[in-house]
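Colleague: Sequence first, then the predicted structure:
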Amino acid sequence: MAITKQPERNNKVVKSSDAFVAPDINAFGQSFRDYNAESERQKGVEEFYRLNHINQTYDFVEKTREEYKKLDRVQMSIWECCELLNEVVDESDPDLDEPQIQHLLQTAEAIRKDYPNEDWLHLTALIHDLGKVLLLPKFGGLPQWAVVGDTHPLGCAFDESIVHHKYFKDNPDSKNPAYNNKNGIYKEGCGLENVMISWGHDDYMYMVAKENGTTLPEAGLFVIRYHSFYPLHKAGAYTHLMNEEDRKNMKWLHIFNKYDLYSKSKVQVDIDKVKPYYLSLINKYFPAKLKW
Ligand SMILES: O[C@H]1[C@H](O)[C@@H](O)[C@H](O)[C@@H](O)[C@H]1O
Ligand SMILES: [Fe+2]
Ligand SMILES: [Fe+2]
């Protein structure tokens, strides 16, 4: 019997020309997240973190969370909120000075290229920064230090990996002996949902999505809630506070982070072209109007 030889399989992964390629440098010609670069922009970013580190105390976060949990300020759709983001400037970000709606669409379109079938992840990307509306007067007009920037836990020691860590010396929590050690008020493995994280756009948008009954999977909610928690997902600090479920969700947070960070560019997404697709996702996973 003649044996026909099967053609050998080529094991190399062929990247479609459509795949997302992460650039080495940001739109300003610097490495991404270089918080020590010498520039005017960095001075503003450093001042942002000084205020953030001094003012975000356990008590502040507890109080502000309670206040915003009421969701009694505004009623609007997800897309209306995306459009509002055009009026928002983020002073903490060394890599981006495009309108925020572009950042949302750039992130979502980049992730869509590589994960075409995970529509929940496209929508997660589209909405992950919507919480920045907290800066606008009708959402309480919070200062930048209470809305943007990286996040970190309160109620335990401030890890060295946190950007501009030195400014914590003027945070009253640093002098609280119940807080300033590795576990602080927490038990190992207690789960991130039991940890008080600095207040900002992550936790707020998580609340909005959850309380308005989104059908996004838990992994999507986890990504929204912890995407600014770089000390955890980049530096690997605070992992002792995670539980089993957190560890499972981390996989998606790591995937997401690549697109959130490296899609920041000067190349604009054509909003009108992609709008129908995102409206269909919003329709699938959210009610028409949400409480904010
Ligand atoms: O400056 C950025 C920006 O505010 C992002 O939205 C946030 O998620 C990042 O963690 C932060 O570093
Ligand atoms: Fe963010
Ligand atoms: Fe983002």
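Modeller: Right, received. Where do you want to start? Ligands and ions are numbered 1, 2, ... in the order given.
Colleague: Stretch 223-240: which residues count as buried?
Modeller: 223-233, 237-238 (16 or more other CB atoms under 10 Å). (Each C-beta comes from the backbone N, C-alpha and C, glycine too.)
Colleague: got it, and stretch 80-94?
Modeller: Buried residues in stretch 80-94 (16+ other CB under 10 Å): C81, C82, L84, L85, V88, D90, E91, S92, D93, P94.
Colleague: got a pLDDT number for the last one?
Modeller: According to the per-residue confidence, P94 scores 93 in pLDDT.
Colleague: ok, back up a step: among the buried residues of stretch 223-240, which pair sits farthest apart?
Modeller: Using CB to CB, those span at most 20.4 Å, a distance reached by I224 and A237.
Colleague: how many neighbours does N249 have?
Modeller: Counted with other CB atoms under 10 Å, the neighbours of N249 add up to 21.
Colleague: what does the host helix or strand of it rub up against?
Modeller: Following DSSP states H and E, the helix or strand that holds N249 is helix 244-262. Counting by CB atoms under 8 Å, 6 or more residues apart in numbering, the neighbours of helix 244-262 from elsewhere in the structure are 20, 22-23, 32-33, 95, 107, 110-111, 114-115, 121, 124-125, 128, 191-192, 218-220, 222-223, 226-227, 233-234, 242.
Colleague: filter those to the buried ones?
Modeller: Buried among those (16+ other CB under 10 Å): 20, 95, 107, 110-111, 114-115, 121, 124-125, 128, 192, 219-220, 222-223, 226-227, 233, 242.
Colleague: Ignoring the adjacent residues along the chain, who's closest to C190?
Modeller: Excluding the flanking residues, the one nearest C190 by CB to CB, 6 or more residues apart in numbering is L241, at 5.9 Å.
Colleague: Could you check how far the one you found is from ligand 1?
Modeller: Here the distance between L241 and ligand 1 works out to 19 Å (CB to the nearest ligand atom, to the nearest Å).
Colleague: repeat for Q42
Modeller: Taking CB to the nearest ligand atom, one finds Q42 at 12 Å from ligand 1.
Colleague: Enumerate the residues of this protein near ligand 3.
Modeller: Counting by CB under 5 Å from the ion, the positions of the chain adjacent to ligand 3 are D129, D260.
Colleague: Tell me which of the buried ones among the contacts of helix 244-262 fall in helices.
Modeller: In helices, judged by DSSP state H, the following of the buried ones among the contacts of helix 244-262 are found: 107, 110-111, 114, 121, 124-125, 219-220, 222-223, 226, 233.
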